[in-house]
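Chemist: quick one, fold the following:
(one chain, ligands or ions: 1)
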Amino acid sequence: MPKSSSGSYLGPGGLDLSQAFFKSILHTAPPSPTKRHTKISVIGAGNVGMAIAQTILTQDITDELVLLDAVPDKLRGEMLDLQHAAAFLPRTKIHASTDYSITVGSDLCIVTAGARQSEGESRLNLLQRNLAMFKGIIPPLARYSPHTVLLVVSNPVDVLTYIAWKLSGFPSNRVIGSGTNLDSSRFRFLMADHLDVNAQDVQAYIVGEHGDSSVALWSSISIGGVPVLSFLEKQQIEYEKETLENIHKHVVESAYEVIRLKGYTCWAIGYSVASLARTILRDQKKIHPVSVLANGFHGVYGGQVFLSLPAQLGRGGVLGVTNVHLTEEEAQKLRDSAKTIIEVQAELGI
Ligand code: NAD
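Modeler: Predicted coordinates:
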């Protein structure tokens, strides 16, 4: 059925159906030009992209949601499946296409497309393939939405965020990696489970590289505003540092465990990224541990590198990084991760 310029369907004889259904009241004017309309594009409609999309929809974060993938049939199927839930969801326009022009004017572009590691493939080879893929994804996104915030989720997220920054030509505050936002949420869950409290009352940050070499900031852990380590010390309650280290070890292992058990992870990353989308689009100025250009923090110098640090986020992307205290051991771990990532980036030739 043909559509009118306002997007509503035209009936027989070009009758605008929405005009026929609703009669205008007197003395109206077009909507205020200051009204904000928000648009999010999700690139890659796989397990992760669809979990992010559905969480964004249920939480009423945007007016318009675009899905883009390289596989047209699966993409259309996913779009229809979500559209069919409209009667149960807040109103969001959902579109999908393999053509980047559909992303035009996005406020936030979330990139989840990524090649999977094939058996026996080296990490560097996988990265080369992802680099080639990002060369086809980032430039058109930047062209169609020159003012967007880019949020990279594909792995290895820290290197790919750096690649997205380079390929986009954007200022560094508008390129973010989902980084250790997910690791920190896993950590908060495990701490909460350990102490039998609500995970939302646990404040704890994991920073650094997303994954194996992430750094848990023990001194940052507080429950209901009470710093855990000094509280235990003051109460002369014996605690085993090993217990806490095991919780962090469990965080690192938990992604592998989920992948071993169900083949991929999706729900936690979906909620984690939707929380970032809400903070950014609604300019909430919340602090999230995410991958940002980390040079100059905690002695990270040398080549340019993206690592997770607690960052304040809002409409402009990264508004600043908190001046969190790191012990010398924690800062050294961060610098070691930076060095490894810089070496990988040099091998990639970017
Ligand atoms: P998936 O294979 O289910 O989905 C990837 C999708 O990308 C597929 O639908 C594929 O068709 C699409 N795609 C491939 N090439 C494309 C291109 N050039 N343009 C557009 N779309 C393209 O994988 P998944 O389980 O959804 O994981 C996606 C990525 O997210 C992986 O890199 C994974 O490692 C990463 N991930 C990151 C985190 C994190 O915390 N950062 C957590 C989980 C997964």
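Chemist: in the stretch 51-200 of the chain, what residue is nearest the ligand?
Modeler: Residue of the stretch 51-200 of the chain nearest the ligand, by CB to the nearest ligand atom: residue 114 (2.6 Å). Yep, even glycine has a C-beta here, placed from its N, CA and C like the rest.
Chemist: and that residue, that one's in a helix?
Modeler: No - per DSSP: H, G, I helix; E, B strand; the rest coil, residue 114 lies outside any helix segment and is coil.
Chemist: so what's it up against?
Modeler: Residues near residue 114 by CB atoms under 8 Å, 6 or more residues apart in numbering: 44, 130, 133, 154-155, 160.
Chemist: run the last query once more with 7 Å
Modeler: Taking CB atoms under 7 Å, 6 or more residues apart in numbering, we find residue 114 in contact with 44, 130, 154-155.
Chemist: restrict these to those near the ligand?
Modeler: Counting by CB under 6 Å from any ligand atom, the subset of the contacts of residue 114 that neighbours the ligand consists of 44, 154-155.
Chemist: what about those residues, which are in strands?
Modeler: Within these, no residue falls in strands by DSSP state E.
Chemist: emit the ChimeraX select command for whichever of those residues are buried.
Modeler: Command for ChimeraX that selects the buried part of those, burial taken from 16 or more other CB atoms under 10 Å:
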select :44,154,155
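Chemist: quick check, nearest of the ones next to the ligand among the contacts of residue 114 to residue 52?
Modeler: residue 44 (9.3 Å; CB to CB).
Chemist: for the closest one, grab phi and psi.
Modeler: Backbone geometry at residue 44, expressed as degrees, to the nearest 10, gives phi 100, psi 100.
Chemist: which residues touch the nearest residue to it once chain neighbours are set aside?
Modeler: Using CB to CB, 6 or more residues apart in numbering and skipping residues adjacent in sequence, the residue nearest residue 44 is residue 113, 3.3 Å away. By CB under 7 Å, 6+ apart, residue 113 lies in contact with 43-44, 133, 137, 154.
Chemist: and the strands in the stretch 101-250 of the chain?
Modeler: Along the stretch 101-250 of the chain, counting by DSSP state E, counting those that start in this stretch, strands occupy 108-111, 149-152, 175-177, 202-203, 206-207, 215-216, 222-223, 226-227.
Chemist: lowest average confidence across those strands, which one?
Modeler: Per-stretch mean pLDDT for those is lowest at strand 226-227 (a mean of 86).
Chemist: got the contact list for the residue of the chain found nearest the ligand?
Modeler: Closest residue of the chain to the ligand, CB to the nearest ligand atom: residue 46 (1.7 Å). Contact partners of residue 46, counting by CB under 7 Å, 6+ apart, are residue 112.
Chemist: now swap in residue 202 and tell me
Modeler: Taking CB under 7 Å, 6+ apart, we find residue 202 in contact with 188, 191-192, 223.
Chemist: residue 67 now?
Modeler: So, once contact is read as CB under 7 Å, 6+ apart, residue 67 ends up touching 42, 45, 53, 75, 78-79, 96.
Chemist: by neighbour count, which of those residues wins?
Modeler: residue 42 (29 neighbours; other CB atoms under 10 Å).
Chemist: quick one: residues contacting it.
Modeler: Here residue 42 is in contact with 49, 52-53, 66-67, 110, 112 (criterion: CB under 7 Å, 6+ apart).
Chemist: try it again at 10 Å.
Modeler: 48-50, 52-53, 56, 65-69, 96, 103, 106, 108-113, 151, 153, 273, 277 (CB atoms under 10 Å, 6 or more residues apart in numbering).
Chemist: any chance of the contacts of residue 202 in TSV with distance to residue 143 and neighbour count as columns?
Modeler: Below are those laid out as TSV (distance: CB to CB, whole Å; neighbours: other CB atoms under 10 Å):
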residue	distance to residue 143	neighbour count
188	38	23
191	43	23
192	44	17
223	47	18
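Chemist: among the residues you listed, name the ones in helices.
Modeler: 188, 191-192 (DSSP state H).
Chemist: which of those residues sits closest to residue 1?
Modeler: residue 188 (49.1 Å).
Chemist: quick check, the closest one in contact with residue 220.
Modeler: No - the pair residue 188 and residue 220 fails to qualify as a contact (CB atoms under 10 Å) at a distance of 11.2 Å.
Chemist: who touches both of those two?
Modeler: 203-206.
Chemist: roughly how far does the nearest residue to residue 100 once chain neighbours are set aside sit from residue 106?
Modeler: Nearest residue to residue 100, sequence neighbours excluded (CB to CB, 6+ apart): residue 140, at 3.8 Å. Per CB to CB, to the nearest Å, residue 140 is found 11 Å from residue 106.
Chemist: need the residues of the stretch 251-350 of the chain near the ligand, please.
Modeler: Within the stretch 251-350 of the chain, the positions lying close to the ligand (CB under 6 Å from any ligand atom) are 264-265, 269.
Chemist: filter the residues you listed to the buried ones?
Modeler: 265, 269.
Chemist: ok, of the residues of the stretch 251-350 of the chain next to the ligand, which one's closest to residue 308?
Modeler: The shortest approach to residue 308 among these belongs to residue 269, at 14.2 Å (CB to CB).
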